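model the following, please.
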Amino acid sequence: MRKTLKNVGVSVGDTSVPVLVLYTYHYGQLGVLRSLGRLGITVNGVDPNPRSPGLFSRYCQKKFLYDVDAASPQDSVQYLLDVAKKIGKRSLLVHTTDSGAGWLADNANALSEGYIFQKLSKELVFALANKKEMYFLAKKFGVPTPEACFPLSMGDVEEYVKDAVFPVVLKELYRGGSPRVGKRMFVAKTKAELLKFYSQCEDSSNPNFMLQEYIPGGDDSIWMFNGYFNEKSDCLFAMTGRKIRQSPIHTGVTSLGVCLKNPAVDETTRRFMKNIGYQGILDIGYRYDMRDGKYKVLDINPRIGSTFRLFVGNNGLDVVRAQYLDLTGQSVPSSELVEGRKWFVEDRDFVSSFRYRYEKSLTFKQWLTSYRGVQESAWFALDDLTPFFMMCARSSRKVLSKTDNNTLNPYKLTP
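Residues are numbered from 1 along each chain as shown. Next comes the predicted model:
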């Protein structure tokens, strides 16, 4: 019998298919556990750290300690197939990282014995996750994107700066591919600064940084699309919104965001994904360029985004719930965007607010009023408090050890 669960809003008929979430240390992964767990679905988690906050969520039923990324692909596949047997049912497999998207595409055939998931070609996953390939893919299908250059050496950068217009963005092509630095993006204001940043962060044996046109505008010029596409690349769920604050400031992930309708971003993304045959959950970012009035694509994540719980419809639907319903053969109801709905990340937004205040771009009154409309936060939940307290303890340890002092300067490299 179909039923509507209290305080959830989404009507579900069959919750019998369990879910396995790969990694549980991040608030985005915790959001998956809570979103599906509140529907009455059995959700399980895999993480190598026994102190991972998500493992202590009341919605994480079974806990498996294993590092999928660290082990060989063959060993990880076998481990997950063994987990499927322990669970006792074919489960929906949810990955939450770029590397997870690529790994799943590489091992889809073997894993399909024990799991349900969208099957994307590894070529498409790479093209979307790698900013160089994404740039040319956007150009091919007429989607606006900032102009970019892809140097292979310091000589290429020196040639580029001869005619460059500053500031210039130095950005990592593929997340996790640059072991020399912790930061993935820098804004260079001068030629000397760009050359310095490039020399410090690039690995000449494995070039992984691009030079990108800087689009002027504040954090509120960055727009997001969060959606789910079925096997025919039809969009069954879509929401748009923009960033209010970021962490690190100006260059990082959303620490405070708001849902707002943006037909241009919505229509552009639907058409783009249909053209390339994309299916599954999508997280994509644009920047509005006031110089030509265009929304230009910055990043495409072929996976669930960490901000996905910002985008909850008027009936409680989000992308992971839409995916569950679709992949278990149930209809996905239409859902309306809740205009003005806000969501924030407690620890990240506290730190970023301090730094915006430090640079005199945020007053105390603006900070207080910015939380009007907040309906959910990343960590705190009255029905699931333990992960929040674990986050607080972890943040306190970071402050005491002073490991994050370098981010007071947004242009300082992370050692």
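
hmm, Q375 is touching G340, no?
No - Q375 is not in contact with G340 according to C-beta atoms under 8 Å; the separation is 9.2 Å. From N, CA and C alone the C-beta is placed, and that goes for glycine too.

element containing the residue positioned nearest the centre of the chain, please.
Centroid-nearest residue in the chain: G305, 2.9 Å away (criterion: C-alpha atoms, centre = their mean). Assigning secondary structure by DSSP states H and E places G305 outside every helix and strand.

cool, and G155?
Per DSSP H and E: helix 154-160 holds G155.

contacts for that helix next, please.
The contact list for helix 154-160 (C-beta atoms under 8 Å, 6 or more residues apart in numbering) reads 149, 151, 194-195, 198-199, 202, 204, 211.

as a check, name the ranges of all strands in the stretch 251-400 of the chain.
253-259, 280-289, 294-301, 342-344, 374-377 (DSSP state E, counting those that start in this stretch).

distance to D69 added to those, as a markdown table?
Output for these, formatted as a markdown table (distance: least, C-beta to C-beta, whole Å):
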| stretch | distance to D69 |
| --- | --- |
| strand 253-259 | 20 |
| strand 280-289 | 20 |
| strand 294-301 | 17 |
| strand 342-344 | 28 |
| strand 374-377 | 28 |
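
K122: which of the ones you listed is closest?
K122 sits nearest to strand 280-289 of all those, at 13.6 Å, using C-beta to C-beta.

run a quick neighbour tally on P333.
P333 is flanked by 17 other residues according to other C-beta atoms under 10 Å.

oh, that last question was meant for F141, not what I typed.
Other residues close to F141 by other C-beta under 10 Å number 13.

in the protein, which helix or strand is least confident?
One helix or strand of the chain scores below all others by mean pLDDT, DSSP states H and E: strand 3-4, with a mean of 43.

any idea what F64 is bridged to?
V46 (DSSP bridges).

identify the residues contacting it.
F64 touches 44-47, 83, counting by C-beta under 8 Å, 6+ apart.

repeat the analysis, applying 7 Å as the threshold.
When contacts are counted by C-beta atoms under 7 Å, 6 or more residues apart in numbering, F64 touches 44, 46, 83.

pull out the buried residues from the residues you listed.
Those of the contacts of F64 that meet the buried threshold are 44, 46, 83, by 16 or more other C-beta atoms under 10 Å.

from G100, how far out is the second one?
V46 is 11 Å from G100, where distance means C-beta to C-beta, to the nearest Å.

between these two, which contacts overlap?
By C-beta under 7 Å, 6+ apart, V46 and G100 have these common neighbours: L22.

pLDDT weak spots in this protein?
Applying pLDDT under 70 to the chain flags residues 1-9, 11, 176-183, 399-415.

follow-up on the earlier one: does the residue nearest to the centre of the chain really touch F225, like I thought?
No - with contact defined as C-beta atoms under 7 Å, G305 and F225 do not form a contacting pair (9.6 Å).

what's next to stretch 287-295, contact-wise?
Contacts of stretch 287-295 (C-beta under 7 Å, 6+ apart): 144, 215, 217, 221-223, 264-265, 268, 286, 296, 298.
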